[in-house]
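Q: coordinates only, no sequence provided:
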């Protein structure tokens, strides 16, 4: 019996990969947005040469350069060569949109929960949601692991680095 469905081109076959081009362009746009938003940071006379804009400029510029590089590699068909050193992943398989959708939902939940619920709860939900999306069905274990990591991060950032993270509903406890 003859297989009539087209098989995906293996990476490095000389054809442009639309997904990688879009990823590269997305990185460029995100880098531009970071650089633009960095220009909005107010500087006070207390800062000398190195101020609060330096790291965001570096991150934004790096994203722009890497995005352009990835796009060029994808357009010329040189990107994504299969390596024997890589993970056990088959790049010829189609994208698992269910997993992508579930990860997107976990990130959106984090976005909407961060301020009202607080860093610890939002991060726990993100961790458990991402673990579930990636195939874990040990919900209780994932919630406990997420809670422990989020609490350690919260304490490390707020007490160790004196940064403010939203406490949310746990404000009276923390």
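A: Received, thanks. Keep in mind it's a predicted model, so treat the numbers as computed, not measured.

Q: so for the longest helix along the chain, mean pLDDT?
A: In the chain, assigned by DSSP state H, the helix with the most residues is helix 54-76. The average pLDDT within helix 54-76 is 93.

Q: what does stretch 129-140 give?
A: 96.

Q: who touches that stretch?
A: With contact meaning C-beta atoms under 8 Å, 6 or more residues apart in numbering, stretch 129-140 is reached by 99, 102-103, 105-106, 109, 128, 142, 145-146. Placement of C-beta: from N, CA and C, glycine included.

Q: highest neighbour count among those?
A: Ranked by neighbour count under the definition other C-beta atoms under 10 Å, the contacts of stretch 129-140 are headed by residue 128 with 23 neighbours.

Q: correct me if wrong: that residue contacts residue 142.
A: Yes: using C-beta atoms under 8 Å, residue 128 is in contact with residue 142, at 4.4 Å.

Q: let's see the pLDDT reported for the residue nearest the centre of the chain.
A: The centroid of the chain falls nearest to residue 107 when counting by C-alpha atoms, centre = their mean (9.1 Å). The model reports residue 107 with a pLDDT of 96.

Q: with residue 4 instead?
A: 52.
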